[in-house]
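**Q** Have a look at this prediction, sequence included:
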Amino acid sequence: MRPLMRVALVVVGFAALVVLIARNLPPAWDPRTPLDLTAAPNWLAASKLAWMRRDPQACFAAFATSAIVITRVPDRPSTTGCEIENAVRLASTLRTSPPSPTVTCAVAAAWTMFERHTLQAAAREQLGQEVVGIRHLGTQSCRNIGAGAVRSQHATANAIDVAGFILRDGREVRVVADWHGPPRDAAFLRAVRDGACRWFRVVLSPDYNDAHRDHFHLDMGRWGACR
């Protein structure tokens, strides 16, 4: 058999093997299937979340696959860079105060992963109990970043600012009071900040600047930062 024919047969055989494997991949390991937001995450989870930022239908499919009911928010056009598109009411198992904030589907998906796979684990490890509620400072606000000319991710509800976490025993761990507070509370807040960076594109804490001394800023914009 000629060498060129041998190479061709090897290539064809390898391609057939790849197709066979791809057809039999379990959903969790198949990059073509929606992300199950309730399943233990693997290395594909981050890339699937990133894809949801570009394809909102993939985001809605992920919630359907996960059997998590979401409430869609009507699109709201804007001529000033403050449009609301592909937004939902935050689907959280926690009490949110104020209740039912509006966020993009991408933020809602990242929050679900954060809440289920990071927040509660940090609370159990550092504080010996779970979080039952959060206090936030808002999601949608038609404004720029600081005094600059660039729109904030809040302008399109693509961010949430979290100020405190309410524990099962009724106590609240607050960013403003506990970032440099009791060691266990401070360790919990840092674990939450670090863990959020796995799911959100931008996570800003009191370590970033004084404007974030009282909350964590979490968003799903195009840039990445964890501070």
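**A** Looks like it came in fine.
**Q** rest of the way, CA atoms for contacts and neighbours
**A** OK.
**Q** tell me which helix or strand of this structure sits lowest on mean pLDDT?
**A** Here the helix or strand of the chain ranked lowest by mean pLDDT, DSSP states H and E is helix 3-23, holding a mean of 46.
**Q** Which element is encountered next along the chain beyond that helix?
**A** Counting by DSSP states H and E, the next helix or strand C-terminal to helix 3-23 is helix 45-54.
**Q** and that following helix, what does it pack onto?
**A** helix 56-65, helix 105-114 (3 or more CA pairs under 8 Å, 6 or more residues apart in numbering; DSSP states H and E).
**Q** I'd like to know how far residue 125 sits from residue 157.
**A** 31 Å (CA to CA, to the nearest Å).
**Q** Can you report how many residues lie near residue 226?
**A** Per other CA atoms under 10 Å, the neighbour tally for residue 226 reads 18.
**Q** Let me fix that, I meant to ask about residue 150.
**A** Other residues within reach of residue 150 by the criterion other CA under 10 Å amount to 11.
**Q** check contacts around the residue nearest to it when sequence neighbours are not counted.
**A** Leaving aside its sequence neighbours, residue 150 sits nearest to residue 144 (CA to CA, 6 or more residues apart in numbering; 5.3 Å). In this structure, residue 144 makes contact with 150, 151, 152, 155, judged by CA atoms under 8 Å, 6 or more residues apart in numbering.
**Q** pLDDT wise, what is the second one at?
**A** Per-residue confidence for residue 151 comes out at a pLDDT of 97.
**Q** For the closest residue to it other than its chain neighbours, give its distance to residue 152.
**A** Spatially, and ignoring its direct neighbours in sequence, residue 151 is nearest to residue 144 (4.0 Å; CA to CA, 6+ apart). Per CA to CA, residue 144 is found 5 Å from residue 152.
**Q** I am assuming residue 73 contacts residue 100, so please confirm or correct that.
**A** No. Contact status for residue 73 versus residue 100: not in contact, 11.1 Å apart, counting by CA atoms under 8 Å.
**Q** If anything else comes up later, I'll come back, but that's it for now.
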